[in-house]
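> got a predicted structure here, sequence first:
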Amino acid sequence: MQEIVVSRGKILELLRPDANTGKVHTLLTMEVFGIVSDSGRIVILEYLPSKNMFEKIHQETFGKSGCRRIVPGQFLAVDPKGRAVMIGAIEKQKLVYILNRDAAARLTISSPLEAHKANTLVYHVVGVDVGFENPMFACLEMDYEEADNDPTGEAAANTQQT
């Protein structure tokens with residue numbers, strides 16, 4: 001059974017598809033503050049069916065608040081097995097959090113691992129399905145170092161995405 005969480009502005013919805021009818025049923029609709037925001041934090045919520053609500057189980061600050069091109073938050077990618085999360089900025093900075101369960105089956109989150117790459121603009125980030133190998137992410141980026149150092153502008157015209 002799969003469930004889908006949808007963000008609609010400041011509304012968070014938990015949906016469950018019904019395989020028999022092909023319809024999608026809403027399990028919970030909740031108004032929350034700052035679903036995708038510039039707060040500089042990652043918050044992990046858990047759905048509690050007994051209370052029909054989301055509960056905050058982890059909150060980690062990773063950067064300054066506000067829309068800044070080097071503060072992660074613009075891009076979010078999750079490993080398909082749910083073992084790691086990458087949060088990326090428009091420029092340079094990317095952070096990876098490893099997710100595990102302790103002996104009591106409570107979610108634990110690691111300190112952020114830095115995956116920064118200088119002089120790059122990020123266009124997209126995605127988690128790659130590698131089976132049970134270590135989690136991996138793919139990033140569509142453009143290196144602008146040569147273009148930044150070229151006063152003629154020729155390097156900027158020839159810059160390629162990697």
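Cool, got the structure. Numbering: from 1, shown residues only.

> going forward, measure contacts and count neighbours with C-alpha atoms only.
Noted.

> distance check, the residue nearest the centre of the chain against residue 88.
Centroid check for the chain by CA atoms, centre = their mean gives residue 76 as the closest residue, at 1.9 Å. From residue 76 across to residue 88, the span is 6 Å (CA to CA, to the nearest Å).

> mutual contacts of those two, please.
Overlap of the contact sets of residue 76 and residue 88 (by CA atoms under 8 Å, 6 or more residues apart in numbering) consists of residue 125.

> ok so, going back, how distant is the helix or strand hosting the residue nearest to the centre of the chain from the center of its chain?
When elements are defined using DSSP states H and E, residue 76 is found to belong to strand 75-78. Taking the mean C-alpha point of strand 75-78 and that of its whole chain, the gap between them comes to 3 Å (CA atoms, centre = their mean, to the nearest Å).

> contacting residues around that strand?
Strand 75-78 is contacted by residues 84-90, 124-127, 137 when judged by CA under 8 Å, 6+ apart.

> would CSV of the residues you listed with neighbour count, distance to residue 97 and secondary structure be doable?
CSV is the format used below for the contacts of strand 75-78 (neighbours: other CA atoms under 10 Å; distance: CA to CA, whole Å; DSSP: H, G, I helix; E, B strand; the rest coil):
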residue, neighbour count, distance to residue 97, secondary structure
84, 21, 6, strand
85, 24, 5, strand
86, 25, 6, strand
87, 22, 8, strand
88, 27, 11, strand
89, 24, 15, coil
90, 20, 18, coil
124, 16, 18, strand
125, 21, 14, strand
126, 18, 14, strand
127, 20, 13, strand
137, 17, 12, strand
